[in-house]
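> Predicted coordinates and the sequence they were generated for:
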Amino acid sequence: MSKPKRAITNAEVARVLREIAMLLEMENVPFKPRAYEKAAYAVESLSEPIAEVLEKGGERAIEELPGVGKSIAEKIVTLVRTGRLPYYEELHAKVPVDLTQLGAIEGLGPKNIKVLYEKLGVRTVEDLEEAARAGKIRNLPHFGEKSEQKILRGIEFLKRSQGRFLLGAVLPLVREIEARLERVRGVRRVAIAGSIRRCKETVGDGDLLVVADDPDAVMDFFVNMPEVQYVHGKGHTKSSVKLHMGMDLDLRVVPAESWGAALSYFTGSKAHNVALRRIAMDKGLKLNEYGLFRGDRAIAGETEEEVYEALGLQFIPPELREDTGEIEAAREGKLPKLIEYGQVRGDLQVQTNWTDGAHSIEEMVEAARRLGREYIAITDHTRALAMVGLDAAKLREQMRYIDQLNSKLRGFRILKGAEVNIDRDGSLDIDDDTLAQLDVVGIAVHSYFHLPRAEQTRRIVRAMENPHADILFHPTGRALLKREPYDVDMDEIFAAAVRTGTVLEIDGYPERLDLRDEHVRKAVEAGAKLVIDTDAHSVHHLDYLYFGIATARRGWATAADVLNTLPVDEFLSRLKGHRQEMKSPRKRAGARERRG
Ligand code: DGT
Ligand code: CA
Ligand code: CA
Ligand code: ZN
């Protein structure tokens, strides 16, 4: 069967560009690998399909992408127009291995992949596992028994991650499909259910529900969408498809009078559902996806609210439905009033083209304003990081520049910040005098990820004790589906946060979501304060705030737990006041005098 020709996706183009970067690195080509990586990143960050960008704006539009020069633009054009790229194919022929999969294993860089191929013929992750289990890797130059073990752990992690997708990678598409379904004739209601509605950080498959006058028309529409690669099944009440991006998507048509019961059932989680059903049984009722029944008579089912009410529970927001205490709390009327999606006023981690971001300070400000933010902190990386970081002099130059920009702005504030590296011993890589001039000092681990637990914990706590440190960025350093967090005693971090007044970040970048939901809950219980931000490296990332807030909600956080729900002046005085009070009582008096 021949399939209709399909435009190459942004993810596929990015993948080829990344693999070129890896292949060039294997050959020790200088600079170019980084350029290809940047280009991959730019393509991936596009909000529009690259094929449409090309069609509308021609080759010029491709060249105008941040970090894309003429030569890479030409290659992208070839790839998009023909679906192939001879330049890539020639390079790949020399090391014909599954670069993306092998490269996804932590600690395995392009050069190692090349050695593994040339010495052991490793082409796939399966080959790699076999070689590692046979003890063949420890004998290679630059490898040892330790790296062999590490590779095996990396493979395990990869297997566990397989078949799951980042919420941030799937939500825009599923929402778009939701909107399209709303426009199908006879469709009365549409909702996203399942783990996506609960805002779980990764998603197995997508679940959509509709109420429709003509179910077959919806199903026809659904299985014929251009994103569909394969139809698992098509029926009158349920259809299931596989999308080109790899994820399965289920669509169910439900009766209007069962809408609430079905939405509750298919939102899950399974554990939450089981607990709800038990409560129904205890009341002599029966709960299923069609409604809540006494005998044959439905007593609730049209809305979720009435189902929870009939069960004697407060309404439970989807983000809490994991059976981790929400049902007990709802029964006692003690659910927290969760932070709302519109309540965060400012973004506190934003990178620009002063370092590894794609856009200028002005562009980030403009985009943030358009999204309704009242302030953002510019937090470019400092010195040590990958040669892109700012030193103290450059940071001071950026501060003066921001002062100038601020003097021209009305109703918006740019905060002077930095993402300062924590050195191995817990010291910071920018001097105290410079740090003292910043509005927002974020501190972060970007090196020595593998220190033993006690040492890693001590290192981070020591950095938090620096009187200038305001926020601990991405406290665990995990990369979802990619890299485990570093080994650190989080209870000690929460205690240190309270003791030193250092605020903990919920980084909303979909691959991080760090603190994660469970940690948020513990941090809040410990009495630590939080901020939610995006870690944006491009204007397209600024709406990742949504995922950060979702994580905060999944962690039972209220607006009072999150400092950047405050207007800018109050926010700053809480950030600094809290800190100085805790860290150095004398300093606080001094600051007050200076402020007059
Ligand atoms: P996922 O797709 O792995 O990210 O997680 P979910 O929660 O979306 O799970 P999924 O797609 O298998 O099912 C969607 C919801 O349907 C799930 O959250 C609860 C409900 N559900 C599915 N199967 C069962 C079941 O066997 N028993 C109960 N009580 N509920 C189920
Ligand atoms: Ca699902
Ligand atoms: Ca499903
Ligand atoms: Zn960082």
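Thanks, I have it. Ligands and ions are numbered 1, 2, ... in the order given.
> Break down the stretch 101-250 of the chain into its strands, ranges please.
In the stretch 101-250 of the chain, the strands defined using DSSP state E, counting those that start in this stretch lie at 165-166, 187-192, 202-203, 205-212, 228-234, 238-243, 248-253.
> Kindly report the same for the stretch 351-500 of the chain.
Using DSSP E, counting those that start in this stretch, strands in the stretch 351-500 of the chain cover 375-378, 413-421, 440-444, 471-472.
> Using a markdown table, lay out these together with mean pLDDT and mean neighbour count.
Glycine gets a C-beta too; all of them are placed from N, C-alpha and C. Compiled in a markdown table, these are given as follows (pLDDT from 0 to 100; neighbours: other Cβ atoms under 10 Å):
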| stretch | mean pLDDT | mean neighbour count |
| --- | --- | --- |
| strand 375-378 | 98 | 28 |
| strand 413-421 | 97 | 25 |
| strand 440-444 | 98 | 27 |
| strand 471-472 | 98 | 28 |
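> picking that back up, return the most buried member of the strands of the stretch 101-250 of the chain.
Mean neighbours per residue, mean count of other Cβ atoms under 10 Å, is largest over the strands of the stretch 101-250 of the chain for strand 205-212, with a mean of 22.
> which residues are in contact with it?
With contacts defined as Cβ atoms under 8 Å, 6 or more residues apart in numbering, strand 205-212 is touched by 170, 174, 177-178, 181, 184, 186-197, 218, 247-256, 259, 262-263, 266.
> tell me the contacts of the residue nearest to Glu63 when sequence neighbours are not counted?
Distances taken as Cβ to Cβ, 6 or more residues apart in numbering place Ala73 nearest to Glu63, at 4.3 Å, with adjacent residues excluded. By Cβ under 8 Å, 6+ apart, the residues touching Ala73 are 59, 62-63, 65.
> Mind putting these into JSON lines with neighbour count and pLDDT?
Output for those, formatted as JSON lines (neighbours: other Cβ atoms under 10 Å; pLDDT from 0 to 100):
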{"residue": "Glu59", "neighbour count": "13", "pLDDT": "94"}
{"residue": "Ile62", "neighbour count": "23", "pLDDT": "95"}
{"residue": "Glu63", "neighbour count": "17", "pLDDT": "94"}
{"residue": "Leu65", "neighbour count": "21", "pLDDT": "89"}
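> nearest to ligand 2, of those?
Leu65 (33.5 Å; Cβ to the ion).
> if I look at that closest one, how far off is Arg15?
Using Cβ to Cβ, to the nearest Å, Leu65 is found at 16 Å from Arg15.
> and Lys114, how many neighbours does it have?
19 (other Cβ atoms under 10 Å).
> Spatially nearest residue to the most centrally placed residue in the chain (excluding sequence neighbours)?
By Cα atoms, centre = their mean, the chain has its centre lying nearest to Pro510, at 0.8 Å. Distances taken as Cβ to Cβ, 6+ apart place Gly168 nearest to Pro510, at 2.4 Å, with adjacent residues excluded.
> just Arg458 next, same as before
Looking at Arg458 with Cβ to Cβ, 6+ apart, the closest residue is Gly426, at 6.8 Å.
> Many thanks, have a good one.
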